[in-house]
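1. model this:
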Amino acid sequence: MTGVQLLAAISGGLLVAGLIVFVRAFATPRHRPTGPPPWLAKVATRLWRGGGRNPEEQRRYQIGVAAAVLAGSVTWLVSGLPVLGLVVAAAVPGVPWLLAGGRAERRAIARVEAIAEWTRRLRDVAGTGAGLQAALMSAASTAPPAIEEQAGALAARLQAGWNGRQALLAFADEIDDSVCDQIVAALLLHLRDRGDRLGTVLGAIAGATAKEVAMRKEADAERSSARLSIRFMVGFTILVVVVAAFSGEYMAPYATAGGQILMALLAGVFVLLLIWVRMMTRPARLPRLLGPPNPEVTR
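-> Below you'll find the model as predicted:
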């Protein structure tokens, strides 16, 4: 079966399915609910909106989905190979994800560095004799940009009358890093014991955090060579696929049904290898020390 015949068969199947749906829509009794099933609507909404936490992330995700569908459709029409179209559609969001491992680690390092700076500022404010809650609200106004949103939310919760323990646990859950858990644990102990050596403890934790940042930066520099290998393999593969897509003789064996299955298997194995290499270039995540806050005990 050639690519044109396969495309014609799929188009015919979609046409028949559309006619069946059209007939069922008019044959459905009036007392039955119309529209897609709730689970299907929920899945479609999830696929379209993605897991973005704000409208900007959702809009970026939707642009990526539209670009993937467009690139896959154009590749399918130009090459006549449906599997190649699926591969290209998956590569549009997949390639940036594969190449973003180093960026995610650098963001994590910047967040830990910001936590150390915020801890030093909190130590300075606490050293003036201010209470812990007053120090937290004061330090939020000068928090580093990497944790400015989380520190501001912590201060807002305290001003709204949240329980201090639950507000700190919510802050640690938003940062989601074991280093921040150490600092929050020291603050929780101070809330319970009201000791007079909070500044000394915070200073020691800030110093240890600075050493952690230095070690993470060194490890990230050592992993840069592996990330460069990933970029080279991905770039070379994209170049080969683009050149081969416009070469009828090279892609002719893949125009059959067996060739399409072989192409899918080769693409799947290659993607799994890239994912495995990406996992090797990312550091092991340290376990958290604190659990999430209890929403029933916020005040």
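2. Tell me the first helix or strand C-terminal of the helix or strand E105 falls within.
-> Assigning secondary structure by DSSP states H and E places E105 in helix 101-126. Toward the C-terminal end, the helix or strand that comes next after helix 101-126 (DSSP H and E) is helix 132-140.
3. how much space between Y61 and W97?
-> In this structure, Y61 and W97 are 12 Å apart, going by CB to CB, to the nearest Å. C-betas here are computed from N, CA, C, even on glycine.
4. In terms of neighbours, single out the busier of these two.
-> For Y61 and W97, the more surrounded residue by other CB atoms under 10 Å is Y61, and the numbers stand at 17 against 13.
5. Got the confidence number for that one?
-> At Y61, the pLDDT value in this model is 74.
6. Ramachandran angles for it?
-> Recorded main-chain torsions at Y61 are phi -70, psi -40, according to degrees, to the nearest 10.
7. T281 now?
-> The main-chain torsion angles of T281 are listed as degrees, to the nearest 10 and equal phi -90, psi 0.
8. what pLDDT does it get?
-> T281 is assigned a predicted lDDT (pLDDT) of 70.
9. Centre of the chain to the top helix by length along the chain, how far?
-> For the chain, the helix with the greatest residue count under DSSP state H is helix 198-245. For helix 198-245, the distance between its averaged C-alpha position and the chain's averaged C-alpha position is 16 Å (CA atoms, centre = their mean, to the nearest Å).
10. Which other helices and strands does that helix contact?
-> Contacts defined by 3 or more CB pairs under 8 Å, 6 or more residues apart in numbering; DSSP states H and E place helix 198-245 against helix 55-79, helix 82-99, helix 101-126, helix 178-193, helix 248-251, helix 257-280.
11. W118 contacts A143, doesn't it?
-> Yes - contact status for W118 versus A143: in contact at 5.3 Å, counting by CB atoms under 8 Å.
12. These two: which has the busier surroundings?
-> Here W118 and A143 are compared on neighbour count by other CB under 10 Å; more neighbours surround W118, at 26 against 21.
13. which residues does that one contact?
-> 139, 143-144, 147, 151 (CB atoms under 8 Å, 6 or more residues apart in numbering).
14. Can you give me the neighbour number for I115?
-> Burial measure for I115: 28 neighbouring residues, criterion other CB under 10 Å.
15. what's the nearest residue to it if we skip its chain neighbours?
-> Using CB to CB, 6 or more residues apart in numbering and skipping the chain neighbours, the partner closest in space to I115 is C180 (5.3 Å).
16. and what of I205?
-> Taking CB to CB, 6+ apart, and ignoring the residues beside it in sequence, I205 has I183 as its nearest neighbour in space, at 5.4 Å.
17. swap in M251?
-> The shortest distance from M251 to any non-neighbouring residue, by CB to CB, 6+ apart, is to A244 (5.7 Å).
18. just to revisit the earlier point, buried among the contacts of W118? Need that as a selection in PyMOL.
-> Below is the selection syntax for PyMOL that covers the buried ones among the contacts of W118, with 16 or more other CB atoms under 10 Å defining burial:
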select buried, resi 139+143+144+147+151
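19. Quick one: the contacts of W118 as CSV, columns for pLDDT too.
-> Output for the contacts of W118, formatted as CSV (pLDDT from 0 to 100):
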residue, pLDDT
A139, 78
A143, 83
P144, 86
I147, 86
A151, 87
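20. In helices only, show me the contacts of W118.
-> Among those, the members falling in helices (DSSP H) are 139, 151.
21. Of the contacts of W118, which is the nearest to A90?
-> When the contacts of W118 are ranked by distance to A90 (CB to CB), I147 comes first, at 34.2 Å.
22. didn't that closest one look like it was pressed against V112?
-> No - with contact taken as CB under 8 Å, I147 and V112 are classed as non-touching, separated by 9.7 Å.
23. Determine how far stretch 60-69 lies from the middle of the whole chain.
-> Relative to its chain's centre, stretch 60-69 lies at 15 Å (CA atoms, centre = their mean).
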